[in-house]
Every structure is written in C-alpha cells, then in structure tokens.
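In: Pasting the sequence and the predicted model now:
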Amino acid sequence: TGDTSGMRIALSNNFAGNSWRQAMLKSWDEVSSQAVADGIVAEAPAFTTAENQATEQAAQIQNLILQGFDAIVLNAASPTALNGAVKEACDAGVVVVSFDGIVTEPCAWRIVIDFAGMGSAQLDYLAEKMPDGGNVLEIRGLAGVFVDDEIHSGIVEGVETHPQFEIVGSVHGDWTQTVAQREVSGILPTLPEVDAVVTQGGDGYGAAQAFRAAGRDIPLIIMGNRHDELTWWQEQRDATGYETMSLSIAPASAQVGFWVAQQILAGREVPHDLLLPTLVIHQDELDYWLGQTEEGGVTNAFYTLEWTDQMIEAVAAGESVPPTPTAE
Amino acid sequence: MSAFVELAGLEKRYEAVRALDGVDLRVAAGEVLGLVGHNGAGKSTLINVLAGTVVPDAGRIEVAGEDLARGYDVTTATDRGIRCVFQELSLCPNLTVAENTRIVHRQIKGRGWQARARALIIGTLDAIFPGHGIRPDRRIGDLSIGRRQMVEIARAFTETETPVRLVILDEPTSSLDSTAAEQLLAYVRRRQADGVATILISHLLGEILGAADRVVVMRDGKVVADRAAAGLSRDDLVGLMGHVADQPGEGQGRRRLDAEPVLDGPGPGGRHRLELRRGEVVGLAGLAGHGQTAALLDVYDRPRDFAAVGKLAFVAGDRQSDGVFPLWSIKDNIAVRSFSALRRNGLLDEAAVTGLALDWQKRIGIRTPDVRNPILSLSGGNQQKVLFARALASDAAIILMDDPMRGVDVGTKSEVYALIRQEATAGRSFLWYTTELDELVHCDRVYVFREGEIVAHLAHDEITERAVLQASFRSDAEAVA
Amino acid sequence: MAGFLARTGMRDWLFAYVGAVTVWLVTVMIADGFGAMQTLTAGLGFAVFYVLVATGQMFVIATGPGNIDLSIPATVTLGAGVAMSVMAGSDAMIVPGFLAAIATGIAVGSFNYALIRLLRIPPIIATLSSSFIVQSTAIWYGRGLSIKPPDALQDFTFARLQGVPVMALCAVVFTLVMAVVLRRTVYGRSVLAIGQNPKAAHLAGVDVERTRWITYTLSAALAGFTGALFAGFSGGVSLDMGTQFLLASIAVVVIGGTSVAGGKANLPGLWGAAMFLFLLVTMLNAAGVGSGVRQLLTGILIIAVITAAGGEKRGR
Amino acid sequence: MTIDWRELVRASLPALALTALLVAIFWLQPRAMSYQGLNLLLNLSIPIVFATLAQMFVLTVGDLDLGIGGFVTFVACVTVTWLADAPLIGVLILVAAIAGYAAVGALIELRNLPAIVVTLGMSFVWFGLAVIVLPSPGGRTPEWLIAAVRLRPPGIPLAILAAIVIGLLGHLLLMRTSMGVVLRGAGGNPRAITRAGWSMLRIRMTLYALAGLMGVLAGLTLAGITTSADANLALRYTLLSIAGAILGGSQFTGGRVSPIGAVLGALVMTLAASFLAFLRLNPDWQIGVQGAILILVLALRALLDRVAGER
Ligand SMILES: Nc1ncnc2c1ncn2[C@@H]1O[C@H](COP(=O)(O)OP(=O)(O)OP(=O)(O)O)[C@@H](O)[C@H]1O
Ligand SMILES: Nc1ncnc2c1ncn2[C@@H]1O[C@H](COP(=O)(O)OP(=O)(O)OP(=O)(O)O)[C@@H](O)[C@H]1O
Ligand SMILES: [Mg+2]
Ligand SMILES: [Mg+2]
C-alpha cells in the first residue's frame, strides 16, 4: 500500500464529559503519537466540542476541511444531522471514517457496532440464567439519540424471543450514572419484584446503588465494563456468588478508526461498512479484565494495524470478524 | 363658563384607605385649577381617574358633555384631549426624547416620523423652557431628573391631530429649579388663551396662588374647599388643608465657625473647599442639574477624600430610582439603614425594627394605618418621609440630602425643617441640596453650583434669593462670595 | 386568609407543595397504592442535593434580575473530584475532603464574582464562561477516572432514621439556618435590598459589592459541597454528574416561589419544588409514557404550577 | 449634532471583535480567506443568527427565552418529517408553532409570570414534541430547502449576505419604525406604555410571535444545512443565542437591544468556536478556552466602555 507519511488525520469528537470518552481520547493519543513517531502519518490531533451537539460538531468538521486534513475520524453526535457537513468533506476530497457514533451519509465509512445485538444479547443471557423468566427493568440512554434507539430495539426484540420476560419499568438514565441512580430510585417503589436490570453501558453501578438505597434485594444487573461496576461485581461474586455479564464497546475503537482511515489514504479498497465486535466480559473472565482495567476507568483493548487488517479482510470476504484482542 | 370636565361622586378604596370619598370636580375650558392637599389626600388618585389609569369604584365622569363613566380609559381620555404628567415619571428611559414623544402620539408614524417627532418636542420645549439645552436624540436615561421632567411636561403639551384641551400636572415642579418652574407657569397662563385648561397640583402654595384661577383643597379623600384664587392667602390654604398656619420664612441659622469640621475637602471645580462643621446645615444651591447631586455622591462614595468624621447617610430625592425598596414594608424601608444597629446576638431584632418604625412614623407623620403595609401603598410624599426617617433614625453623623422635599406637603415640610434644626443642634451635620430657594433660609451657609462647580459661597446673612440667582447665572459669580 | 398567606410569604411557595402532593397521589394511584412511602423516601434523598444547590442559586437569583449562576454543574463535578481524591477512600480524610470541596467552590465563586465585578460581564455569561473553564479543570484534574468514596461517607448518605434519610434531616436543619440567615441577618437583608434596587441599597448603606461576592461564593461553595456529598451517594465521581443540576437548580428556585425579578426569596419552597420535580419524573416513569410525552408533560406541569401560583402583584 | 462616543464604541465592539477573530483565523489559516473558505467558516451561522434575533426580540420586553433551542430543534424535526412528506400540514404546524410562541407571551403577560420559568417549561415542551415528531434521528429535508441554503450568490457567500440582510431588516423594524419604538419602550417602562394607551398584551404577543418566526427560520435553515435532523439538534442554541445577543450589546434590563449587534454577536460566537479548532489545543482545555474567549471578548467590551465613559 501507498505512503501516508505526509498525510494528516484528525479526530472529531463531540463529547468529552465521561470516562468512556476520556479513555477514547487517550487511546487515540496512544495510537496517533506512536504512528507519528513511526513516520506513518504527519500528524493526527484530536478535536473536541464543548457540548454534545451536532451543530457544533458540524462547524468543527467544516473547520477541519478548511485546515486541509486528509482524513477525519469521526465520533458523531448524530447519525444524520452531520450529513451535510460530511458530504461537504467528501466533496472536498476528505476521507471520513465514523465509528461508535456513526453517520449515515453514504460517502463516509462506518465502523459499525451491532448495538441492537448488544440489546438482544442481554436478554439471551438472562434467558440462559433464568429460564423461568421474570420482571425486567430497562435503563435507557439519552432520548432521541440513535444508539439508545438501537439498543432499545434490540432489547424489545430479545423480549419477543424470550416472552417469559416482562419489562415492568423503563427509565432514561441519559448514560449518566447519577441520573440512572435517580431515575431508578424514583420508579423502584412503584414496581413489583425486579429480577433483572438491562442497561446500555455504565449505568449498572448506579442501579445497584439505587437498589441499595431502597433496601431492595439486588437483582441481576447487566454491567457496562466500568471499573466501578466490575469491582462491585467482583465483591458481590466473592461474597454471594453473584453472577452477571458485562458488555460495552472498547474505547479503543478510535484506534480502529485511525487505522481504517490510514489504510484508505494508503489507497486500499475498504468496504464502507465495517464491523466491530463488542467487548463482552463473562463471569470467568472477570478477574482478567478487571486486572486490565485502569482504576476508575473503562475496560479497554488495544487495536493494532494487524487486527484492523484482519477485520477488513474478514468483512470484505463476508466472514465473521476477529474477536476483541486480549493483551497477551 | 361651561364645564369641560365634570366629575361627580367619585369613590376609590384601597383596602382600609378611602383614597377618594365622594369627590366632585369640574374644570372649565381654559381654566387653571389648583389642586392642593396634604400628602395622601387623594390628589394623585383623583387625577389618575381623570387620566383613565385608575378605575374608580363609583362615580360619574363627563367630558365635554359626554357621559363616559363606563369603560373610561386612557384612550378615551387622550382622544378627548386630556393629557397627564404623572407624579412619578412615565418616560421610557431606554428611548430618546423624540421616541418618547412618539409613544404618546399614535398619529406620528410612517415616513419621516422621526423628524416630525423631533420637531414637535423641540418646538414645545423651546416654547415652554427656552434655553433648555436638551437634544432630541438624547436617551432619557442619560438625562438628569430635572431635564426628564421638562421633557415629560413638554410632551404633554405637544399636539398632533387631537387638540390638547386639558393638561394635568401632578407636582410638575418638584424636580425643576425655580427658573424652569416659572417658565412653566408662564406658559400655562399663555395657553389659557387658546382654551387649554390645566389642573396644577403642587405643594408650593405660592405657585398655586400665582398661577391658578381657582383652588380646590382636598383632605382625606374629600374636597373640603373650592374657592377662587383671588383673595386667598397662603395661610388660608394651609388652614384649609388642616395644618396650623406656620411661616417657614424664618430660618434660625447661626454661624458655627467655632465647631470642629466633620467634612473638609476640595469642592468640585477646585475654587472653593467643601466644608461642613459639626451641627451645621449647609445648602447646595444653583439651577437643577448643575452637579449638586454628583457632589453629594462624591462625598458619599469617597468619604475619606473629604476627611469625613462619623458615618454618612443619604436622603434620596429621586425616590423611585434611588430610594424605595418596592417589595418591602414601610417599617423595613425605614429601618434598612439601621439594620446593623438593630441586632441582638447577631440577629435582627424584629421588635426593635417595628419599634423604630412606629417611633418615626409618629415623629414624622407617615400616613398609614399599619407600618407593616407595603411601601408602595403610601402616597408619593409619604414615601419621601420614609426616606427621611431612614436617614434620621440611623447612626449617621453627617446627612446628605438630595433635594429631599420633592412632593412633601407644607405641613410636613415645616415639621421636617424643625426636625433638621433640632438634630443639628444635637450635633448632626447636614449637606442639603435643594431646588427650592425658600428652603435655603434654613441653612447656615450655602454653596452655589454652576456647570458642575462651586462658584459661590454665601454666609448665612448673605443668603438671599437674589444672591443665589445671581451666582447661578452670572459668569463672574465669585465676586458675590 | 389571603392576607395571611401574603404576609407570611406562604402564597409564594404553597403551590410547589400542592403540586408535589398531587403528583405523589397520582403516582400512588398509578402504582395501585404500591410503595407510597418509599417513593417519598427516595424523593427526600435526592431532594437534598437539589435543595443544597438551589439554596445557593436562590441567593444569587435574589440579588436581582440577570443574576444567575450557571457554573453550578461544573462546580459540583470539580468539587466532587477534588473531595474524592483528597479523601482517597479513607474515612479519616472525609472532613478534609469536604473542606477541600468547599475551598474549591470558594475559589470558583470568587472567580465568578471577579468576572462580574472587574470585567463587568453579565452574570449569566460570566458564569457560563467560567463553567467551561471549571469543566476543563475537572477533566484535567480527574482524567475522567472515578475514585470511590470512603465507606463511612457512603454509609452516611444511605443512613435512615425511622425511614427518613439522615441526610435529609441534616439538610432540613441547614434550610432552617439559611432561612434565619435570609430573614434575620444583615447579610440576608442586604441580598434582598440589592435585589430590589442596587442603587438604593448602596445609598441606604448596604455594602453592595461585598454582599454580591459573598453570594456568588456561597453558591459555588454549596455546589462544591454538594458535589462531595453526591459523590458519596452515587459511589464515585463522574465527569457528567453535575449536568442535571443546571436546569434543576433554576427550576427548583423559581417553582419554589423565589422571584426572578430579585428581592424576594424563600426557603421552604425549595423542598416543595425539589420534591415536585422528582415525583413528577417518577409519576411519568411509573405511568410508562414515552420519553417525548414525558418531556412534554413535564414542561406543561411546570408551567401549570407557576401559573397557578400566579405572578407577583404589580405595585402601584 | 455631536457624536456620542460611548454609544459608538458600544455599538462597534461586536464588529471589532468579529474583525479581530477573522484576522486571527486568516492568519492561522490563509485558506479561509476565499469564497469557499468563508462559506465553510460561516454557513452554520445563518440559523444561529436567526436564533439570536429571536432571543433579542424576547429580550426587548426584558424577558429571557430558555426555550429557543428546543423550539429550533422542534422546527427542524417538523421540517424533515411533515414539511417534507406533507408540505401543507408542515406549514400549518409551523404557523401553529409561531402562534404557540405568541400564546406563551400572552400567558406571561396576563398572569404576570416570570418568563424565564415559563420558557424553561416550554423548552421541555418543545423537546418533547420534537421527540414525538422524530423519535429517532433521520428524516430528510425537502430538496428546495437544501438547495436554498446551498445557494452560491456571486461574489459574496450566502452566510454573509444573509447576515447583512437580516441585520438591516431587524434594524429597520425595531430601531427605525414607529412601531419598533413602542415595542422597545415596552421593555424600558411598561407602565409608561400602558399609560400612553398601548396594550402590553399585544406588544408582548407581537414580540413573542416575532421570536417564534425567527425560531422557525432558524429551524428551517438549520435543517437545510444538516439535511436531516435529530431531537437533540439545537438545544445548545439557547445559551448560544443569549451569549450572542449580549455580546451584541443587548441588555437584560429591557428595551436596550440592537439587531445589528445581535447578528454580529452570533457571527462572533460561531467564529470563536472555529478559531479554537485552528489553535490545536490539548483536548482537556479545548472546552475551557471557549469560556476564556467569551470572557476575553466581553472584557474587551467592558474596557472600551470604560475608556469611552471617561471621555
Ligand atoms: N395602589 C394603592 N394601594 C394602596 N393604597 C393606595 C394606592 N394608591 C393610593 N393609595 C392610598 O390612597 C391615598 C391617597 O393617595 P394619593 O396618591 O392620591 O395621595 P396624594 O394626595 O397624591 O399625596 P401626595 O401629595 O403625597 O402625592 C393614600 O393614603 C395612599 O396611601
Ligand atoms: N439633554 C442633555 N443634553 C446635553 N447635555 C446634557 C443633557 N443632560 C445632561 N447633560 C449633561 O449633564 C450635566 C448635568 O447633569 P447631572 O445629572 O450630572 O447633574 P446633577 O447635579 O446630578 O443633576 P440634578 O441636580 O438634577 O440631580 C450637564 O452639565 C450636561 O453636560
Ligand atoms: Mg400624589
Ligand atoms: Mg442628577
């Protein structure tokens, strides 16, 4: 493939106010500074907007075009509202690769995460653990955002396949642990026995706190790979043999974005829709992943060019993508 | 003469207060009617009814023979040529002089409206207050209160399609200096010839007697006298208003050069020092808006520059913008300056606050059934008394007064003069800006201001109307001092 | 009756309580009488945080039109971050941790005031700008990592006395103290005087600038303190933990009957309004309405409460 | 007539800030100094300009609108759904929305309510309606609208042209017409206005309806630029519009507003964010520096004010 040593890649990020995004920025920094040191690209700075708003990010993208970047790796505030700006970038010859928060504009590349799958997987797990079913409380994310919608639809689908489960309550936790705690605390007294809590990532600990505050039995809560969640899970497991699962996207998905962009710039034919597996932690892997997780942070992976390469090949060939790399 | 306006049996209650208690009033075309009464007598309420801004509880309103009581409002009044200058200014501070003129004239619109508004107001200002020096593009908020009052008066006399038939002036001269006040009264008399009637409310009885054809006296919501002005004397009026006649003319000022100074600093302009001794009452005179307020504020804000001895208190004259706390009760408005002193164990002592308020309500005669009532339930003059009480009740040794008698009735005035004298004898010092020349006789000394500077210093026996006026106008005013 | 309500100021805050009780009754009905008391208990637990930040916001708002503190959310987050890292999970360091959070708040508040005073920036913009800076500081300081609170702190935030959160009892006492500060101290009266007319206040001998400085500092210090407490309650810091307090602090103050025109404030209303907001969301969640309808109803009910309470009577 | 320096400096500050920002950006990125460059830099300012004017109309009566962001979002959501699929119903919804704004003004006046709370409540209402209209992101802006905002007038980029036209129209309406005087007067001293026989109810409704109209235009142009919408699209416009209006010289104490200033303020707010992107800051501090820039610009205003005041 071609030489990209003179090229410049920018990360356009729409939000920095939680631990996942902070880990993501850190992952980006790791890969980009290494790549610059190795002479793979000329530079790869990160840009973040103040508020989680599509309008601000659209302005930011237009700026990046002006600054003459060759590629923009994009975690988008909205799958659709940035289409105008993305189109503008494509028209200016800029490669746009979106990940996590992807965009629907056809000219951009998408590193797709199967969010709906994340939802249904939770119900599948529950069905396995509680074949008799039970009452489920759903903690959703931020209303009107596409990820929330996708995961929710996956959960609804899961309930359809496993009709022994009933969603007895649903709240919006805005992907903010403290909001989740507040909302769950509020609705809990009005609910009958809750057997399980399905989440969208990062709300598990807040839910556990709410159950604790209400003095209720702690149900099976699906976790979202945060250090505090995993630690709590470990404590519960050691004390009572508590069992659950945890799943989320690795913040290092930004690194996949970087490599995909680099490969496209190098002249490689890359399919526009790529796939990234979610990072799932099962009961038996808990200690390993917790050990890998920074104190107070989010479980992360490290994606190399090789891994990305394999993934692109697999997608192009229509095969299943390689699993999340583990450290060894 | 046929009546232009005829009001009969007007009644208006505010909870326990009968602001109007069966009032009859008629005004003939081209007549100048003086309306007097103590603070809270109901004058403002009465003319508010006539202007359409207060709806009476009962009564008949007839204008030019038409019975209008039902649905009478501002538009009804203005359409019939009735204009009103309210006691509290009603200009928009964010608009210019010309724009404020447009506000009251629906007819000023369309192309070139600005030029027309400008010409209209300047023409009228020139006619009433020659040499006013007000530019039509000035924002009202940037004008001194005296100039604002001129604008508002002139605006009431501006005429577009509907001719002006009756102008109501509620204490129009309270913020004007004597020159401007005379200009206004002369103008009112000139307009009589065109058939323009005027209702003039004032606490300066000389003004009323000089300008009015007829005088109506109100007391406690009733009309108690309705006489031709000719033949009435000041004492008659005071008597009718319910006060014991009392000539304010005699000032009991003494020189107090021996007492130690409590204030001493360079006066504005640098030609004279601004000095105040213990127990002295020093007047700041001159035409309105020549920097007297600014000088008072200078002293208040930077007491150290004036080597002030003791604490200061300020009696605002522009009560709306500088004085009153509109959400508070009368008692809190009185006590606010003394809150620190009214603490017990670090907390405000409510009983002491009420005690202080009741004491001063009595001493200064604030007309209210209950000091816990909101301050805004008081008439304008009574609000002003509250501001007095606030300063006098405080622990201040030096009291700065910014033309504080605006809208205070004669009876109260003489009480306050006596109070000031009494306090001065007890060792308090007063710096007193006034636009009323009569008041200067109560001062021990007077500084005369012109164009922001002190141009003359008059000792007690030099204080005469002539000397003050001369210093206010003459360019070689120093000679007087 | 009307006169009594007006004189005691009860007219201003009664409707917040009426709203809260109504919403609560509807919730209980929806849940078939299920969990009536627990709902209140949960509400009291969260109301503590709302009331604490709203108390500071209320003093700021009472100093007159245009005064508002938008830096509260960022200060909550930064205060929480500082407190948690000082405490570092050790029970012995709880008090120093809280002091550090309060000190952080005092610094932010003083900075806000300096912007307003020295640079004469309108408070709403000044505090918005400074909130960006504080937010950046929080990111830089905490790197988004969540540090666990000491066990004793966490236990305290969950403690109950006869089913009532101990935290709420403490907060009620605090509210009473602040009510006395507002009504019976020179500082409190100065706030109200400035809120009505700063120029008149100055001429009546009120130290306007010092009062405003204390007020902005008080607001930020309470926000910092709340952050530390909230981190204990929610088991750690997160960068977005303050966000919910932006609209909440304003809404609680105003639904609670404080006039945004300044010069009027009342503390009892804060509890009513905080409970109203919490129970409102609970009711809509319990009713299972979609998020669009939920937001819509939230808006309509806020307006309904404020309309029922009616505006200030106009002066003459 | 002599020149009022104070007013002049006050009025020209937003223009100075804008020029300074532009110069700095051109210096950092010469590429921006072209038709295409200016277009990229400024085209998102059009909806912000409208939103800021909406805020300014509400500020005119001394109120503050915390709901404008939600309203613009709602309009954008209607644009990509109803207006695209059933134009007639779409137009009706938008007209009803403007009427809704006027009704909010009426409610505030009639019940003498604090506008800040009512509009805060309305922000929930608009957001809720937006979610109901467009539950998940998507929709498609009508082609005519996309084409309209992509217009390339010869010589001068659309955003600049629009800003000039909007600013001048606003100025004429509010500062020059005889009706504008009454509207502004209502903010300065409502009592004087009522005493002169004007209806505060009608004035407030008019201003709120104007704000609604501006909000609709903001939503339409925004949807045109983004080509589709989501329910969180423009919530930030609330604070942005307040900051822009204040930057442009409007004041919270009613009646002191400036449409041209508001337009310039909106442009400054748009450019300030871009300027940061050119600076290449550490992501930790990118947010903080936005605050710092706001402070800087406003501090400059205070400074100039003081200098002018001493004249
Ligand atoms: N809006 C109101 N609410 C309560 N009381 C009022 C109101 N307006 C007037 N009053 C009361 O009505 C009475 C008459 O007031 P009014 O203003 O007419 O007096 P006035 O003769 O104009 O006095 P002044 O010379 O001091 O201006 C006073 O006792 C006043 O306190
Ligand atoms: N309409 C105007 N046109 C031109 N200059 C004006 C106007 N209004 C005020 N000024 C300026 O302001 C000065 C005086 O006003 P200022 O309000 O400072 O005096 P003041 O002593 O505080 O007034 P007052 O005694 O009436 O309270 C004048 O010398 C003049 O230069
Ligand atoms: Mg009166
Ligand atoms: Mg003055």
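Out: Arrived safely. Ligands and ions are numbered 1, 2, ... in the order given.
In: residue contacts, the closest residue to chain B within the stretch 201-311 of chain D?
Out: Residue nearest to chain B within the stretch 201-311 of chain D: residue D:255 (3.7 Å; Cβ to the nearest Cβ). C-beta coordinates here come from the backbone N, C-alpha and C atoms, glycine included. Contacts here follow Cβ atoms under 8 Å, 6 or more residues apart in numbering or on different chains; on that basis residue D:255 touches B:92-95, D:60-62, D:184-189.
In: Not counting its neighbours along the chain, what's nearest it?
Out: What sits nearest to residue D:255 in space, not counting adjacent residues and going by Cβ to Cβ, 6 or more residues apart in numbering or on different chains, is residue D:187, at 3.0 Å.
In: pLDDT value on the closest residue to ligand 1 within the stretch 201-328 of chain A, please?
Out: Residue of the stretch 201-328 of chain A nearest ligand 1, by Cβ to the nearest ligand atom: residue A:213 (51.5 Å). pLDDT, residue A:213: 83.
In: show me where the stretch 101-250 of chain B has helices.
Out: Under the criterion DSSP state H, counting those that start in this stretch, the stretch 101-250 of chain B carries helices at the ranges B:113-128, B:145-157, B:178-192, B:205-211, B:234-241.
In: quick one: the first one near ligand 2?
Out: Right, the one you point to is helix B:113-128. No - judged by Cβ under 6 Å from any ligand atom, helix B:113-128 makes no contact with ligand 2; its nearest approach is 10.2 Å.
In: residues of that helix that come out buried?
Out: B:113, B:114, B:116, B:117, B:118, B:120, B:121, B:122, B:124, B:125, B:128 (16 or more other Cβ atoms under 10 Å in any protein chain shown).
In: One more: the fourth one?
Out: The neighbour-count criterion (16+ other Cβ under 10 Å) identifies B:205, B:207, B:208, B:209, B:211 as the buried residues of helix B:205-211.
In: Same check on the last one?
Out: Buried positions in helix B:234-241, judged by neighbour count with 16+ other Cβ under 10 Å: B:236, B:237, B:238, B:240, B:241.
In: Mind giving me the packing neighbours of that helix?
Out: strand B:32-37, helix B:205-211, strand B:214-219, helix B:410-425 (3 or more Cβ pairs under 8 Å, 6 or more residues apart in numbering or on different chains; DSSP states H and E).
In: Show me what secondary structure element comes after that helix.
Out: Per DSSP states H and E, helix B:234-241 leads on to strand B:261-266 as the next helix or strand towards the C-terminus.
In: For that next one, name the packing helices and strands.
Out: strand B:273-277, strand B:429-433.
In: So the last one, near ligand 2 or not?
Out: Right, strand B:429-433. No - Strand B:429-433 lies out of reach of ligand 2 by Cβ under 6 Å from any ligand atom, never closer than 6.8 Å.
In: Work out the sheet partners of that strand and label each with its direction, please.
Out: The strands that strand B:429-433 pairs with in its sheet are strand B:281-286 (parallel), strand B:398-402 (parallel) (by DSSP bridges).
In: Would you reformat those strands as a markdown table and include distance to ligand 3 and mean pLDDT?
Out: Formatted as a markdown table, those follow (distance: least, Cβ to the ion, whole Å; pLDDT from 0 to 100):
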| stretch | distance to ligand 3 | mean pLDDT |
| --- | --- | --- |
| strand B:281-286 | 26 | 90 |
| strand B:398-402 | 20 | 94 |
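In: Not counting its neighbours along the chain, what's nearest the residue of the stretch 151-300 of chain D found nearest ligand 1?
Out: Residue nearest to ligand 1 within the stretch 151-300 of chain D (Cβ to the nearest ligand atom): residue D:191, separated by 12.4 Å. Nearest non-adjacent residue to residue D:191, counting by Cβ to Cβ, 6+ apart: residue B:90, 6.2 Å away.
In: again with residue B:150
Out: residue B:129 (5.3 Å).
In: how near is the one you found to ligand 4?
Out: Residue B:129 is 17 Å from ligand 4, where distance means Cβ to the ion, to the nearest Å.
In: Tell me if I am right that residue D:92 is in a helix.
Out: Yes - judged by DSSP: H, G, I helix; E, B strand; the rest coil, residue D:92 forms part of a helix.
In: Spatially central, which residue of chain A would that be?
Out: Centroid-nearest residue in chain A: residue A:249, 3.4 Å away (criterion: Cα atoms, centre = their mean).
In: tell me the phi and psi of that one?
Out: With angles defined as degrees, to the nearest 10, residue A:249 sits at phi -90, psi 140.
In: What is the neighbour count of the residue lying closest to it once chain neighbours are set aside?
Out: Of all residues not flanking residue A:249 in the chain, residue A:113 sits nearest, at 5.4 Å (Cβ to Cβ, 6+ apart). Neighbour count for residue A:113, taken as other Cβ atoms under 10 Å in any protein chain shown: 23.
In: quick revisit: give me the neighbour count for the residue nearest to residue B:150.
Out: Residue B:129: 21 surrounding residues under other Cβ under 10 Å.
In: where does it land on pLDDT?
Out: 94.
In: mind checking the backbone torsions on it?
Out: phi -120, psi 70.
In: pretty sure it is in contact with residue B:183, am I right?
Out: Yes - counting by Cβ atoms under 8 Å, residue B:129 touches residue B:183, with 5.1 Å between them.
In: Next, the contact list for the residue nearest to residue D:255, please.
Out: So residue D:187 contacts B:94, D:59, D:60, D:61, D:62, D:254, D:255, D:256, D:257 (Cβ under 8 Å, 6+ apart).
In: Tell me how far it lies from ligand 4.
Out: From residue D:187 to ligand 4 the distance is 23 Å (Cβ to the ion).
In: distance of that residue from residue B:392?
Out: 37 Å (Cβ to Cβ, to the nearest Å).
In: Point to the residue nearest the middle of chain C.
Out: residue C:54 (1.8 Å).
In: what helix or strand is that one on?
Out: helix C:36-62.
In: Any part of that helix near chain A?
Out: Yes - interface with chain A: helix C:36-62 contributes C:36, C:37, C:38, C:39, C:41, C:42, C:43, C:45, C:46 (Cβ under 8 Å from any Cβ of the partner chain).
In: any residue of the helix or strand residue C:127 falls within up close to chain A?
Out: Taking DSSP H and E as the definition, residue C:127 sits inside helix C:123-142. Yes - applying Cβ under 8 Å from any Cβ, one finds helix C:123-142 touching chain A at C:132, C:135, C:139.
In: Tell me the buried residues in stretch C:120-133?
Out: Neighbour count says stretch C:120-133 has C:121-133 buried, by 16+ other Cβ under 10 Å.
In: Give me the distance between the helix holding residue C:127 and the centre of its chain.
Out: Relative to its chain's centre, helix C:123-142 lies at 18 Å (Cα atoms, centre = their mean, to the nearest Å).
In: so what does it touch, helix or strand wise?
Out: helix C:72-87, helix C:94-118, helix D:237-247, helix D:283-310.
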